[in-house]
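Novice: okay, here's the prediction I keep looking at, along with the sequence it came from:
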Amino acid sequence: MNPYTPAMPHSKRIAEFLLDIGAVKLSIDPPFTWTSGLRAPIYCDNRMIYSHPDARTFVADALVSRVKALHVPPDVIAGTATAAIGWAALVADRMHLPFVYVRAKAKEHGAKKRIEGDLHPEADIVVIEDLISTGGSSISTVQALREEGQGRVGDVIAIFTYALPSSLEAAAENGVRFHPLTDLQTLVGVALGQGRVTQKEAEIVLSFAEEPERWGK
């Protein structure tokens, strides 16, 4: 099973939105430092899209279209907390489907569960993500839905992915397919076409995805 579905035809327009509203920033010198400690020439904050109605509508429509293109129609739409809660809720509302979201870790009080919402066992679930980097949060969400939620889930639809090798390996190991709306290669191509980066800078940014751990050293 191929764990990665290439970006769709609307990927270029979404990449343009991400760059135009500043949701994605490119900087080689100095690079960005991610929460994980990785040094990278790119930083993505898709929460910015929520504040821009045109971009928000376009992305929400694209997410719905991608869900409808899956082989198995979902019974439930799940969002990964916290950044993708809004996107998953928008998709569920437009498709008139139940919505749940999955916490990064279980609550320390009450039922001490990770899944918030009314989820029935044996449901076919599609996960909505805002961003896939290493794939860790996506896989953790899938595992919670499978184990705690007793659901069937194998598809994660995301707005953007860096397509890092570790994320593809994690997906393959866990029987998960990633379906990004746009990706690093598309975005760098758009940035190059707009004159935001030179050809050399574009090559440097793309090289990050090949060996992210070594890139900033």
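Specialist: Received the coordinates, thanks. Numbers count the residues shown, from 1 in each chain.
Novice: which residues touch residue 197?
Specialist: Residue 197 makes contacts with 26, 188, 191, 205, as judged by C-beta atoms under 8 Å, 6 or more residues apart in numbering. Where C-beta positions appear, they are placed from N, C-alpha and C, glycine not excepted.
Novice: and the second one, which of the three is it?
Specialist: By that I understand residue 188. Put simply, residue 188 is helix when judged by DSSP: H, G, I helix; E, B strand; the rest coil.
Novice: can you tell me, leaving aside adjacent residues, what's nearest to residue 187?
Specialist: Nearest residue to residue 187, sequence neighbours excluded (C-beta to C-beta, 6 or more residues apart in numbering): residue 15, at 4.2 Å.
Novice: the residue nearest to residue 80 when sequence neighbours are not counted is in what secondary structure piece?
Specialist: Spatial nearest neighbour of residue 80, excluding adjacent residues (C-beta to C-beta, 6+ apart): residue 141 at 4.7 Å. Here residue 141, judged by DSSP states H and E, is contained in helix 136-147.
Novice: what's the pLDDT at residue 110?
Specialist: Looking at residue 110, its pLDDT stands at 70.
Novice: and the lengthiest helix in the chain, what other elements does it pack with?
Specialist: If you go by DSSP state H, the chain has its longest helix at helix 53-68. Using 3 or more C-beta pairs under 8 Å, 6 or more residues apart in numbering; DSSP states H and E as the contact test, the elements touching helix 53-68 are helix 11-20, helix 85-95, strand 152-161, strand 177-183.
Novice: of those, which is nearest residue 212?
Specialist: Closest to residue 212 of the helices and strands packed on helix 53-68 is strand 152-161 (C-beta to C-beta; 12.7 Å).
Novice: check which element follows that closest one along the chain.
Specialist: Using DSSP H and E, the helix or strand that follows strand 152-161 in sequence is helix 165-173.
Novice: thought residue 131 was touching residue 49?
Specialist: No. Residue 131 is not in contact with residue 49 according to C-beta atoms under 8 Å; the separation is 10.9 Å.
Novice: give me the more crowded residue out of the two.
Specialist: More crowded of residue 131 and residue 49, by other C-beta atoms under 10 Å: residue 49, with 25 against 21.
Novice: neighbours around the nearest residue to that one once chain neighbours are set aside, how many?
Specialist: Spatial nearest neighbour of residue 49, excluding adjacent residues (C-beta to C-beta, 6+ apart): residue 55 at 5.0 Å. Neighbour count for residue 55, taken as other C-beta under 10 Å: 21.
Novice: secondary structure element holding the residue lying closest to residue 199 once chain neighbours are set aside?
Specialist: Nearest residue to residue 199, sequence neighbours excluded (C-beta to C-beta, 6+ apart): residue 192, at 6.7 Å. For residue 192, the host element (DSSP H and E) is helix 184-193.
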